[in-house]
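1. Provided below for reference: sequence and predicted model.
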Amino acid sequence: MGFELIVDAPHYARFKATVGDATFSVHQVDTVTGLSGVVVYFECAALDKQVAALQANGFQFTQQPRDERWLWREARLLDPAGNVICLYHGGENRLNPPWRVKA
C-alpha cells in the first residue's frame with residue numbers, strides 16, 4: 001500500500017501515508033474488551049478548548065485532557081454505541097517522535 005513505517009515498538013506500529021501527512025497506527029492487546037477494541041482518533045490543534053466546547057454542549061468525557069508518555073495530549077469519550085473516541089494533539093510528535101524509525 002506504500003505506507004512508510006515511522007514508529008516500530010513492541011505491540012505498536014505507526015505508518016505515514018505516502019501523500020500528505022495522514023498516519024494510522026496499530027496496537028496489539030492481549031485481550032479485547034469494550035475499551036481496547038477499535039479506537040478512532042481525531043487530532044485537534046487546540047485540544048483543551050475543543051474539549052471545553054464539547055462539554056459545554058453536553059458531551060461527557062471518560063478521560064479529561066492529559067499528557068501521555070508518548071508525548072501526545074489526549075481526552076476520551078464514548079460514542080452512543082460505546083465505542084471509544086480519542087481527541088488528541090500530537091503536534092510534531094505525531095510524525096516525528098524522538099523514537100521515529102530512521103530511514
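-> Sure, I can see it.

2. got the contact list for the longest helix anywhere in the chain?
-> Secondary structure of the chain per DSSP state H: the longest helix is helix 47-56. Identification of contacts with helix 47-56 by Cβ atoms under 8 Å, 6 or more residues apart in numbering yields C44, F61, Q64, P65, R73, E74, A75, L77, L87, Y88, H89. C-beta: built from backbone N, CA, C; applies to glycine.

3. run the last query once more with 10 Å
-> Applying Cβ atoms under 10 Å, 6 or more residues apart in numbering, the contact partners of helix 47-56 are 42, 44, 46, 59-61, 63-65, 72-77, 87-90.

4. I'd say I6 and Y12 touch.
-> No: using Cβ atoms under 10 Å, I6 is not in contact with Y12, being 11.4 Å away.

5. pLDDT averaged over the longest helix of the chain - what is it?
-> Averaged across helix 47-56, pLDDT comes to 97.

6. Now do the buried residues in that helix.
-> For helix 47-56, a neighbour-count test (16 or more other Cβ atoms under 10 Å) marks L47, Q50, V51, L54 as buried.

7. same deal with stretch 22-29?
-> Of all the residues in stretch 22-29, those buried under the rule 16+ other Cβ under 10 Å are T23.

8. residues in contact with it?
-> For stretch 22-29, the external contacting residues (Cβ under 10 Å, 6+ apart) are 3-4, 6-7, 9-17, 35-37, 39, 41, 43, 90, 94-95.
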